[in-house]
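> please work out how this folds:
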Amino acid sequence: MNSVGVRLRALRESVGLAQKQIGALLGVAQSSINRYEAGQAEAPFHILLWYADYFDVSMDYIFGRCEAPQGKLYNYQPEALKEKWSERQDWQEFVEACFDPRSPMYAKLKDMLIGMMDGENK
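As a prediction, the model looks like this:
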């Protein structure tokens, strides 16, 4: 079985629904649900999105990218912004002068300043 199929089956079984019942909710045949779960066919995106919404899980979880149903919680920091930050010694010195790097607010301020810097370059 593929990881998506395993997750789809586990989600369905977690609430005690039969393949036929899930199929009826989705408007597809039970045989389609069986093929998705067995890895014999790939579920279309609208089916996967329905599963994510219905079972209140993330697409990361469905695709087996993480074990947590809520998915990976990302801290958005694209490489381009990290590079800009590393090039701006004056900003780094400002943040370090204002806050203790061990403080939880340090990371929040750094993220805010990176976002401001990104807006400055637009």
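> where does Gln40 land in three-state SS?
coil (DSSP: H, G, I helix; E, B strand; the rest coil).
> now swap in the one 3 residues further on and tell me
Ala43 carries the three-state label coil when classified by three-state DSSP.
> what are the contacting residues of the helix or strand hosting Leu25?
Per DSSP states H and E: Leu25 is located in helix 19-26. Contacts of helix 19-26 with the rest of the structure, by C-beta atoms under 8 Å, 6 or more residues apart in numbering, involve 12, 29-30, 32-34, 37, 47, 50, 54. (C-beta placed from N, C-alpha, C; glycine too.)
> repeat that for stretch 56-73.
3-4, 6-8, 11, 48-49, 51-52, 55.
> tell me which residue lies farthest from the centre of the protein.
No residue in the chain sits farther from the centre than Ala97, which is 34.6 Å out by C-alpha atoms, centre = their mean.
> report pLDDT for that one.
Here, the pLDDT recorded for Ala97 equals 71.
> repeat that for the one 10 residues further on.
Ala107 is assigned a pLDDT of 74 by the prediction.
> what secondary structure does it sit in?
Classified using three-state DSSP, Ala107 is helix.
> and for it, the neighbour number?
The local packing of Ala107 (other C-beta atoms under 10 Å) involves 13 other residues.
> now do it against Pro101, distance only.
9 Å (C-beta to C-beta, to the nearest Å).
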